[in-house]
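1. sequence first, then the predicted structure, then my questions.
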Amino acid sequence: MARAKTASVFIALMTGIAGTAAAAPSTSECEARVNDSTVKLVECMQVRALWRHLADFQTIADRNPDSEGHGNRDTGTPGYLASVNYVAGLMTAAGYRVTIQSYDWKHFDVIGTPTFSVNGQSYVFEKDWFVARLSGSGSLNAPPEPTGSAGTGPDSESGCSARDFSDFLRGHIALLERGTCDFDVQVANAQSAGAEAVILYNDQGALGESGGKLRNDGGTYPALLRNASSIPVIGVVSHAMGADLASRYRAGKAPQVRLDIHTRLASDIDYNLIADSPFGDPDHVVVVDAHLDSIYGAGILDNASGSTTILQLALNMAKTPTHNQLRYIWFGGEELGLLGSHYYTRTLSKADLHRIVFDVDVDVTATPNYAVLIADPGHAHNASRFPPNVVRDSKIGNRDFRDYFSSVGIPSREARFGNDGTDSNALSLVGVPNTGILTQQDCCKREWEVDLWGGYRGNFEGQIPGHNGGCVDWPRRWCDNLSNNNSYVLEFASKAVAAVVLTLANDTSLRRRAVQ
């Protein structure tokens, strides 16, 4: 059976990695020497050092619990700031020029217990529905009106275009299916059309990065707005609920929705951590990034794993000269809408921005029931919004990842994740070519992926086998801890990142774009 064959290959591969590690230099030797070849650098990406950092992030989370006692490294928490200081201390000691970049962000609180009912039937807050981040306040009773016409395309009911609201009745609640545009676009269009509130509902069978369903029940989760709304925004409710409300409205039996939501906004400070290598041409900068923040807890898989990968890579590269300068960035606020990366790219001068010749995004590198995905801007839903060089020039990094995985016998696939929901999107939008890696998260792994990588259908992480969506991105589960990571996957994914970064760091074909 294909699964058994893949599993045997996986075991052989892991045995080979373990054997290599036993003969490899110590962590201190690796960090003190010049690792100027792929062989030398890759042998230094060892599981013992990587796992130690991952465990340190778990300790940081545990020492900074939330009000209910759960380990926490979310944006705006002491655990996140402690994570920043942990990485900054190691990078400074290794000889990097470290900058902690602060920026303002909007802190959001729901006051009291909000209510949501349809024709008198009440739904359970944070189970059946959520208040979207940065939602406005309000109490109202009105019908939910869908936009567009059902079944005519992926954005037919999404409100991604102002044209979708041409017949919308002012004072109604806009009922919007998740589309390919940002939630902020949908909400802004609804507000302009006179909606008194917005209900966002999931699309049917939302697809994950490798084509599998991200949440197998088309279920509920918090919508993350980047801009504050002046009207209440519910979301995301299940596809079943949203489709039912839309169907009833179109049948002439419009339900009455009652909302009572009160929120409060306040400004707070968040942080990016930037570390520049003393080596390489500062006019040709290769950025290596990972987001350091978690969401709903310790966030050890998402994304202490990626943060660990680039941290140990930077420590192993601390004494290594390169042609292009390496810049490592741990972004904040990724889970809340790429806050840190958008701030970073929008505040760079044009000259400094055009010095960045490539970006490597590292988002989740230790998934137990893994896949191996290479971020490709050409697969992104919003690729048409990128400057024309991005898709073309990103092929360099995609090729480097593909070639490395092929050389060690690990299947890989290009995917769209890196430009639909993580920090490389911010780089793409300002014209920086990029690639990246993800070993997957959430649900659901499909049969063809099992045939390719082994494992089980269903959750990529969390309960395996299972189909409940895993630990990552789900409020009140508190299970994205150290046990939600696989050490072998962390090692082979980190070795791949190291090989690609070293190649790009010495790639003389990477060119600056002209300042316009």
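-> Thanks, I have it. All values derive from a computational prediction rather than experimental measurement.
2. quick one, domains of this protein?
-> Under automatic domain parsing, the residue ranges defining each domain of the chain are 2-107+268-505, 112-261.
3. ok, now how distant is the nearest residue to Phe386 once chain neighbours are set aside from Gly458?
-> Distances taken as Cβ to Cβ, 6 or more residues apart in numbering put Ser428 closest to Phe386, at 4.8 Å, once the chain neighbours are dropped. To be clear about C-beta, it is placed using only N, CA and C from the backbone, and glycine gets the same treatment. Look at Ser428 and Gly458: by Cβ to Cβ, to the nearest Å, they are 31 Å apart.
4. which parts of the helix or strand harbouring the residue nearest to Phe386 are buried?
-> Here Ser428, judged by DSSP states H and E, is contained in helix 424-429. Residues of helix 424-429 classed as buried: Ser424, Asn425, Ala426, Leu427, Ser428, Leu429 (neighbour count, 16 or more other Cβ atoms under 10 Å).
5. stretch 82-101 now?
-> The neighbour-count check on stretch 82-101 (16+ other Cβ under 10 Å) flags Ala82, Ser83, Val84, Tyr86, Val87, Ala88, Leu90, Met91, Ala94, Tyr96, Val98, Gln101 as buried.
6. Leu336 reaches Ala132, doesn't it?
-> No: applying Cβ atoms under 8 Å, one finds Leu336 not in contact with Ala132, separated by 11.6 Å.
7. intersection of neighbour lists for the two?
-> By Cβ atoms under 8 Å, 6 or more residues apart in numbering, Leu336 and Ala132 have these common neighbours: Leu224.
8. so Leu41, which of the three states?
-> helix (DSSP: H, G, I helix; E, B strand; the rest coil).
9. what is the burial count for the residue nearest to it when sequence neighbours are not counted?
-> Using Cβ to Cβ, 6+ apart and skipping residues adjacent in sequence, the residue nearest Leu41 is Asn35, 4.1 Å away. By other Cβ atoms under 10 Å, the residues close to Asn35 number 23.
10. phi first, then psi, for Asn35.
-> The phi and psi values for Asn35, taken as degrees, to the nearest 10, are phi -100, psi 70.
11. separation between it and Asp281?
-> Asn35 sits 19 Å away from Asp281, going by Cβ to Cβ.
12. please enumerate the strands of the stretch 301-450 of the chain.
-> 324-331, 356-362, 373-375, 413-415, 434-438, 443-445 (DSSP state E, counting those that start in this stretch).
13. my bad, the stretch 101-250 of the chain
-> For the stretch 101-250 of the chain, the strands defined by DSSP E, counting those that start in this stretch cover 115-118, 121-122, 138-142, 144-146, 173-177, 197-201, 233-237.
14. TSV for those strands, including mean pLDDT?
-> What follows is the strands of the stretch 101-250 of the chain, written out as TSV (pLDDT from 0 to 100):
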stretch	mean pLDDT
strand 115-118	97
strand 121-122	96
strand 138-142	96
strand 144-146	96
strand 173-177	96
strand 197-201	96
strand 233-237	94
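15. could you dump those to CSV with mean neighbour count and distance to Asp352?
-> CSV is the format used below for the strands of the stretch 101-250 of the chain (neighbours: other Cβ atoms under 10 Å; distance: least, Cβ to Cβ, whole Å):
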stretch, mean neighbour count, distance to Asp352
strand 115-118, 17, 46
strand 121-122, 10, 53
strand 138-142, 15, 42
strand 144-146, 25, 45
strand 173-177, 27, 38
strand 197-201, 28, 37
strand 233-237, 28, 36
